[in-house]
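[1] Got a predicted structure plus its sequence, pasted below:
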Amino acid sequence: MNVKQQTLKKVVSITGVGLHTGEKVTMLLQPAAVNHGYKFQRIDLPNKPIVEADVDYVVDTSRGTVLEKEGVRIHTTEHILSALVGLQIDNVLIQLDGPEIPIVDGSAIKFVELIEEAGVEEQGALRNYYEIEEAIHFRNDDQSIELAALPLNDYRLTVMVDYNSTVLHSQHAQLHDINLFKQEIAPCRTFVFLHELEALFKAGLIKGGNIDNAVVIVDREISEEEVENLATLLNKEKIQVGKTGILNDMPLRFANEPARHKLLDVMGDLALVGRPLKAHILAARPGHTPNVALAKKIKKHITDSAKSTPQYDPNTPPVFNVSEIARLLPHRYPFALVDKIVYLDGQTVVGIKNITMNEPQFTGHFPENPVMPGVLQIEAIAQTGGVLVLTTTGDPEAYWPYLVGIDNCRFYRNVLPGDTLIIRCSLLAPIRLGVAKMHGEAWVGKTLVCDVDMTARLVKKAK
């Protein structure tokens, strides 16, 4: 999996109709800055409102995943999001001149080809992974649905579908290497059972649906009159109920294409967590509703982990060692106060400072009672935050990081030689005009010893 964030090299567009609204729409994919994430923009509406790809904005999962923010809706988000996740693209602005993503052929392959046409550009910040540390489950026992996100230092998905159908038997699909998404998952089309079609039309859905953008599974005997009515609904002069169980005997792209498409949907819906995942996703009988429920649970774990004691495993290789930190920060002895960076995701950083009796401040602070000065604790927190801020620029060596404000500072326990400070800094707001506002904490074990709000400014170095 990629280490650095990625965006597109140029703007690309595609035009089609929405599956459910039936409206013609043009979608543009725009390159975006580091930590922008996925955002949708309705350029057909006044003020061109933006809707973030966030699970908290999901308002409907009946036959696709629909987002809404302040009355602005984006329909059928899952296929384009799966393509972005599958190609490991992190930052894109998705502009639409209508309410729904084009359905094209019912799969994600056209979007993959569109992204490849744009080209991929590596950015100067690390990917903002969230690594699942303990199993997260969603269950619906009434419908025998179960989804789980399990710990794994990779991204894998395994899906099982079972519809108690004589035509569509139990199927499994898996993706164990995200680099195979284009070949193995992206071409797989959405599908629908014949018995569902009339109800969907009556509900005002699938206005843009036809046998060119969906696999229709014939799961019962139907009369000639029903066949004619079906042709009218699908805007076809003639259709046939073939011998394969697929309307018009349309060939499947894979024997287990329905299960693979469900895997595609899971990927797209879990993109709404807001961060790329490291996990093994297991899904038995998934659908948009349980997919979104699991995404909400994962997001809650992310939120809760940001408030809990930061974890430090000395056996895990650091993100930056002391030599690499020295290439980022200008501080030198006796003011180099961060020994290693163990976590960095663009919003949060965790650094380590080992306190030893051999440090010069203990000569006078205090003889016979060595205590780390509070100002040096703040300096260590500020330097850790400096790594976070500098690495978001894409060109950290071009800036000086200055601490320009300290607020709400508290000390809770003395820090002594032999202690290991675990320091966590998080951005309180996006960095604007080189100004970063952060909250910093320092822990010894599970004890909070200091916290502070800080403001830092990045100043371009003179050439």
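    In hand now; what should we look at?
[2] Looking at residue 214 now. What's its pLDDT?
    For residue 214, the pLDDT comes out at 76.
[3] pretty sure it is touching residue 191, no?
    Yes: taking Cβ atoms under 8 Å as the definition, residue 214 is a contact partner of residue 191 at 6.2 Å. C-beta: built from backbone N, CA, C; applies to glycine.
[4] out of these two, which sits in the more crowded spot?
    Neighbour tally, residue 214 and residue 191, criterion other Cβ atoms under 10 Å: the higher count belongs to residue 214, 24 against 19.
[5] OK, contacts around the more buried one?
    For residue 214, the set of contacting residues under the criterion of Cβ atoms under 8 Å, 6 or more residues apart in numbering consists of 19, 106, 189-192, 206.
[6] Show me the helices in the chain, by range?
    Applying DSSP state H to the chain gives helices spanning 78-86, 109-118, 181-184, 194-202, 224-233, 257-270, 288-307, 322-328, 374-391.
[7] pLDDT of the longest one, averaged?
    In this model, helix 288-307 carries a mean pLDDT of 93.
[8] how many degrees apart are that helix and helix 78-86 in direction?
    Using axes from the mean of the first three to the mean of the last three Cα atoms, to 10 degrees, the direction of helix 288-307 lies 40 degrees away from that of helix 78-86.
[9] For helix 288-307, list every residue counted as buried.
    If you call a residue buried by 16 or more other Cβ atoms under 10 Å, then helix 288-307 has these buried ones: 288-299, 301.
[10] hmm, which two among these are most spread apart?
    Spatially, the most separated pair among the buried residues of helix 288-307 is 288 and 301, at 20.5 Å (Cβ to Cβ).
[11] Mind giving me the ChimeraX command for buried ones among the contacts of residue 214?
    Isolation of the buried members of these (16+ other Cβ under 10 Å) is achieved in ChimeraX through the command below:
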select :19,106,189,190,191,192,206
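[12] Can you name the residues that contact the nearest residue to residue 191 once chain neighbours are set aside?
    If you skip the residues right next to it in sequence, residue 191 has residue 215 as its closest partner in space, 4.0 Å away by Cβ to Cβ, 6 or more residues apart in numbering. With contacts defined as Cβ under 8 Å, 6+ apart, the neighbours of residue 215 are 106, 189-192, 246-247, 250, 252, 257-258.
[13] how much space is there between residue 215 and residue 159?
    Between residue 215 and residue 159 the distance, using Cβ to Cβ, to the nearest Å, works out to 16 Å.
[14] do residue 92 as well
    Taking Cβ to Cβ as the measure, residue 92 and residue 159 are separated by 25 Å.
[15] Tell me how many other residues crowd the residue lying closest to residue 143 once chain neighbours are set aside.
    Among residues not flanking residue 143 along the chain, residue 285 sits closest, at 6.8 Å (Cβ to Cβ, 6+ apart). By the measure other Cβ under 10 Å, the count of residues near residue 285 is 18.
[16] Check what pLDDT residue 285 gets.
    Residue 285 is given a pLDDT of 95.
[17] ok, it - contacts?
    With Cβ under 8 Å, 6+ apart, residue 285 has these contacts: 143-146, 160-162.
[18] Of these - the most surrounded one?
    Top of the contacts of residue 285 by neighbour number is residue 161, holding 24 neighbours under the definition other Cβ under 10 Å.
[19] Distance of that residue relative to residue 263?
    If you measure residue 161 against residue 263 using Cβ to Cβ, the figure is 9 Å.
[20] same deal with residue 35?
    Spatial separation of residue 35 from residue 263 under the definition Cβ to Cβ is 28 Å.
[21] Of these two, which one has the most company?
    More neighbours surround residue 263 than the other of residue 35 and residue 263, with 28 against 18 (other Cβ under 10 Å).
[22] out of everything not next to it in sequence, what's closest to the more buried one?
    On the basis of Cβ to Cβ, 6+ apart, the spatially nearest residue to residue 263 that is not a chain neighbour turns out to be residue 159, at 4.3 Å.
[23] what's around the one you found, how many residues?
    Neighbour count of residue 159, defined by other Cβ under 10 Å: 27.
[24] Who does it form a beta bridge with?
    Note on residue 159: beta-bridge partners by DSSP bridges are residue 173, residue 283.
[25] Enumerate every residue touching it.
    172-174, 259-260, 262-263, 266, 283-284, 286.
[26] Any chance of the residues you listed in TSV with distance to residue 135 as columns?
    Below are those laid out as TSV (distance: Cβ to Cβ, whole Å):
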residue	distance to residue 135
172	20
173	21
174	18
259	22
260	24
262	21
263	19
266	16
283	14
284	14
286	17
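[27] In PyMOL, how would I select just the buried ones from the residues you listed?
    Applying 16+ other Cβ under 10 Å to those, the buried members can be selected in PyMOL as follows:
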select buried, resi 173+174+259+260+262+263+266+283+284+286
